[in-house]
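Q: here you go, sequence then predicted model.
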Amino acid sequence: MGLDTAWAVAFLHAAALSMAEHRDELIALDRAIGDSDHGENMDRGFEAVVAKLGDTPPESPAAALKLTAMVLMSKVGGAAGPLYGTAFLRAATALGETADVGPDVLVSALQAALDGVVARGKAEAGDKTMVDAWIPAVAAARDAATAGEPAAAVLAAAASAAAAGAAATEPMLARKGRASYLGERSVGHRDPGAQSSALLLLAAAQAASQQDSHAGSPESPR
Ligand code: ADP
Ligand code: MG
């Protein structure tokens, strides 16, 4: 079984919790090489996503991601709002109408999200941006799907590669976004957008593994 609408909703709730929990950490990362707003932007944006999910419950995984895109584009300022908005919108389009997202469609959606970020922000690998989390995430997801792994494992692989990718931005010199104004002084700090990307993919993976553990045992207490 793949990922369904309940997974998408659980993912977005988990994402909102994670952005709230890591708000200060993301603020501190953005303080070092930016303008300190990334944690607040992401927390506020996902809080608004959760509110919108309550108002208009989505009827497909794609609808959930599209709703997220719209909210992030309108509520999150800075560079990250439009970039994540584009990522969620492209991923929604790649999912199409399916109610059951399998590993191959999932990989297409992750690739589409990355392509959207690149189309919008024009960053390349090594520029010290969220792209440096997404590139290894998509590659790991593709490898897992090719190896026959189910969707939950594909997301787990993506999340752990994104975390490694975010950590790998620390020694990089920023060439895009606000951090690039710092030149050499950007070296030695982790990119905040790469870190939030890794956290979002982790939330997606955790929601999927919970869906898996519930599958087939609706009466089990956990
Ligand atoms: P701002 O830089 O406008 O304050 P945020 O602080 O919300 O916006 O987001 C900063 C993050 O956005 C960076 O850490 C980086 O990951 C990402 N980012 C900035 N510019 C680009 C770009 N051109 N391409 C990809 N990601 C980018
Ligand atoms: Mg900022």
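A: Structure received. Ligands and ions are numbered 1, 2, ... in the order given.

Q: now do whichever helix or strand Ala157 is part of: everything it contacts.
A: According to DSSP states H and E, Ala157 maps onto helix 151-167. Applying CB atoms under 8 Å, 6 or more residues apart in numbering, the external contacts of helix 151-167 come out as 2-3, 101-103, 106-107, 110, 132-141, 143-145, 149, 190-191, 194-195, 197-198, 201-202, 204-205, 208-209, 211-212. Heads up, the C-betas are built off the backbone N, CA and C, glycines and all.

Q: what mean pLDDT would you report for that helix?
A: Taken as a whole, helix 151-167 carries a mean pLDDT of 98.

Q: the helix or strand following it and ligand 2, are they touching?
A: Moving toward the C-terminus from helix 151-167, the next helix or strand (DSSP H and E) is helix 192-214. No: figure legend: helix 192-214 not in contact with ligand 2 (CB under 5 Å from the ion); closest approach 6.9 Å.

Q: where does the chain dip in pLDDT?
A: 214-222 (pLDDT under 70).

Q: what does it have sitting close to ligand 2?
A: Along the chain, the residues adjacent to ligand 2 under the rule CB under 5 Å from the ion are Asp30, Gly34, Asp35, Asp37, His38, Gly78.

Q: ok, 8 Å please
A: Asp30, Gly34, Asp35, Ser36, Asp37, His38, Asn41, Gly78, Ala79, Ala80, Arg178, Pro192 (CB under 8 Å from the ion).

Q: how much space separates the second one from Ala158?
A: What it means is Gly34. Counting by CB to CB, to the nearest Å, the gap from Gly34 to Ala158 is 25 Å.

Q: comparing the two, which shows the higher neighbour count?
A: A direct count of neighbours by other CB atoms under 10 Å for Gly34 and Ala158 places Ala158 higher, at 30 against 23.

Q: go through stretch 144-151 and flag the buried ones.
A: Of the residues in stretch 144-151, Ala144, Ala145, Glu149, Pro150, Ala151 count as buried by neighbour count, 16 or more other CB atoms under 10 Å.

Q: kindly report the same for stretch 71-88.
A: Of all the residues in stretch 71-88, those buried under the rule 16+ other CB under 10 Å are 71-73, 75-76, 78-88.

Q: which pair in those residues spans the largest distance?
A: Val71 and Ala79 (16.9 Å; CB to CB).

Q: nearest residue to the residue nearest to the spatial centre of the chain in space, please, no chain neighbours.
A: Closest to where the C-alpha atoms of the chain average out (CA atoms, centre = their mean) is Leu200, at 3.8 Å. In space, and not counting its chain neighbours, Leu200 is closest to Ala15: 5.4 Å by CB to CB, 6 or more residues apart in numbering.
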